[in-house]
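Colleague: Sequence first, then the predicted structure, then my questions.
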Amino acid sequence: MGDPLIITWIFKASREHVWEAWTRPEDFATWYGTEAVDVPPATVSLDVRTGGAWSAEMHLPEGDTVHWFGEYTEV
């Protein structure tokens with residue numbers, strides 16, 4: 001596997017709001033979905049702990065599905 005991808009974002013939101021958006025499947029699905037892109041909450045799995053895994057499906061308008069996944073390296 002290649003080098004890890006590190007993404008840093010600064011949000012104009014409270015820490016609590018961002019935590020909920022990234023740790024509750026329904027909120028995570030809303031975060032990543034759009035009017036045209038569906039992220040069904042039932043496809044979201046979040047094991048929020050260092051070493052835990054996350055995954056979700058993104059259903060695109062043309063019928064394709066993107067399978068997202070990753071590992072929490074720091075919580």
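Modeller: Thanks, I have it.
Colleague: So what's the model's average confidence on stretch 24-33?
Modeller: Average pLDDT, stretch 24-33: 90.
Colleague: What residues of it count as buried?
Modeller: For stretch 24-33, the neighbour count (16 or more other CB atoms under 10 Å) marks 24-25, 27-29, 32-33 as buried. Just so you know, the C-beta spots here come from the backbone N, C-alpha and C atoms, and that holds for glycine as well.
Colleague: Next: stretch 61-70.
Modeller: Buried residues in stretch 61-70, defined by neighbour count with 16+ other CB under 10 Å: none.
Colleague: Helices along the protein, start to end?
Modeller: Using DSSP state H, the helices of the chain run over 15-23, 25-32.
Colleague: for the shortest one, packing partners?
Modeller: Counting contacts by 3 or more CB pairs under 8 Å, 6 or more residues apart in numbering; DSSP states H and E, helix 25-32 is packed against helix 15-23, strand 45-46, strand 53-59.
Colleague: What lies in contact with that helix?
Modeller: Helix 25-32 is contacted from outside by 20-22, 39-46, 56, 58, 68, using CB atoms under 8 Å, 6 or more residues apart in numbering.
Colleague: next one: it to chain centre, how far?
Modeller: Distance of helix 25-32 from its chain centroid, counting by CA atoms, centre = their mean, to the nearest Å, is 7 Å.
Colleague: how far away is the spatially most central residue of the chain from Glu62?
Modeller: When CA atoms, centre = their mean is applied to the chain, the residue found nearest the centroid is Phe28 (5.4 Å). Applying CB to CB, to the nearest Å, the value for Phe28 to Glu62 is 23 Å.
Colleague: so Trp54 touches Thr43, yeah?
Modeller: No: applying CB atoms under 8 Å, one finds Trp54 not in contact with Thr43, separated by 11.2 Å.
Colleague: shared neighbours, those two?
Modeller: Residues touching both Trp54 and Thr43 (CB under 8 Å, 6+ apart): none.
Colleague: Let me see the mean pLDDT of stretch 40-55.
Modeller: 96.
Colleague: before we move on, the earlier item: I'd like to know which of the buried residues of stretch 24-33 is nearest to Ile6.
Modeller: Tyr32 (18.6 Å; CB to CB).
Colleague: count of neighbours near the closest residue to Glu57 other than its chain neighbours?
Modeller: Once flanking residues are discounted, Glu57 sits nearest to Thr43: 3.9 Å by CB to CB, 6 or more residues apart in numbering. Residues lying near Thr43 (other CB atoms under 10 Å) number 17.
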